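# got a predicted model here, sequence first, then my questions.
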Amino acid sequence: MERSTERATFAAGCFWGVEAYFGRVQGVVRTTAGYSGGTTRNPSYEQVCGGGTGHAESVLVEYDPSIVSYERLLYHFWKIHDPTQVDRQGNDVGSQYRSAIFTYSEEQREAAERSKAELERSGYHRKSIATKIGPASEFWRAEEYHQDYLAQNPGGYCHVDLSSAN
């Protein structure tokens, strides 16, 4: 029996940790590191790091909505990074490390806007939320060596705490 899945795309800094984290969330079927939000077709890592493509390092999350809701994925997104940072996370600086949510439907956009407003109202962060929310455009899969990077390189740098994925 084939599973019905939906997609979500998040940018929360370096995609290595974001991909590893979401891969541990129950109900997530597959994660893919890649690039979103820019104008360059089929960009390379070097082009994205150069800053001229407009892309952010992103993670495409394929999930089973009967197990995990989009709202729960948003909870995890807000939890794993500092959404008040502009064009940076941890040691990584540049627009490719910005905080963004790329939505695939009006329902996702509304849920993302609602969760952002709730977080802003909560006062949890002293600064304003910098996360941009916009429609998903073409997602470009990153080079193979970026896929499951932290599983292959356990000593790799990661700004994400991987221990709290569920």
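Structure received.
# C-alpha only now, for contacts and for neighbours.
Noted.
# can you give me the buried ones in the lengthiest helix in the chain?
Counting by DSSP state H, the longest helix found in the chain is helix 106-122. Within helix 106-122, the residues scored as buried using 16 or more other CA atoms under 10 Å are Gln108, Arg109, Ala111, Ala112, Glu113, Ser115, Lys116, Leu119, Glu120.
# got a markdown table for these, with distance to Ala56 and pLDDT too?
Shown next, in a markdown table, are these (distance: CA to CA, whole Å; pLDDT from 0 to 100):
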| residue | distance to Ala56 | pLDDT |
| --- | --- | --- |
| Gln108 | 19 | 98 |
| Arg109 | 18 | 98 |
| Ala111 | 21 | 98 |
| Ala112 | 18 | 98 |
| Glu113 | 19 | 98 |
| Ser115 | 21 | 98 |
| Lys116 | 19 | 98 |
| Leu119 | 22 | 96 |
| Glu120 | 23 | 95 |
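# tell me which element the closest residue to Asp148 other than its chain neighbours is part of?
Excluding its sequence neighbours, the residue lying closest to Asp148 (CA to CA, 6 or more residues apart in numbering) is Ala20, at 6.7 Å. Under the criterion of DSSP states H and E, Ala20 resides in helix 15-22.
# residues making contact with that helix?
Here helix 15-22 makes contact (CA atoms under 8 Å, 6 or more residues apart in numbering) with 11-12, 28, 31-34, 57-59, 61, 76, 80, 146-151, 158-162, 165.
# please repeat the previous calculation with a cut-off of 7 Å.
For helix 15-22, contacts defined as CA atoms under 7 Å, 6 or more residues apart in numbering pick out 12, 28, 31-33, 57-59, 148-150, 158-160, 162, 165.
# now for the following helix or strand past it, which elements pack on it?
Using DSSP H and E, the helix or strand that follows helix 15-22 in sequence is strand 28-36. Packing contacts for strand 28-36, counted by 3 or more CA pairs under 7 Å, 6 or more residues apart in numbering; DSSP states H and E, involve helix 15-22, strand 56-63, strand 140-141.
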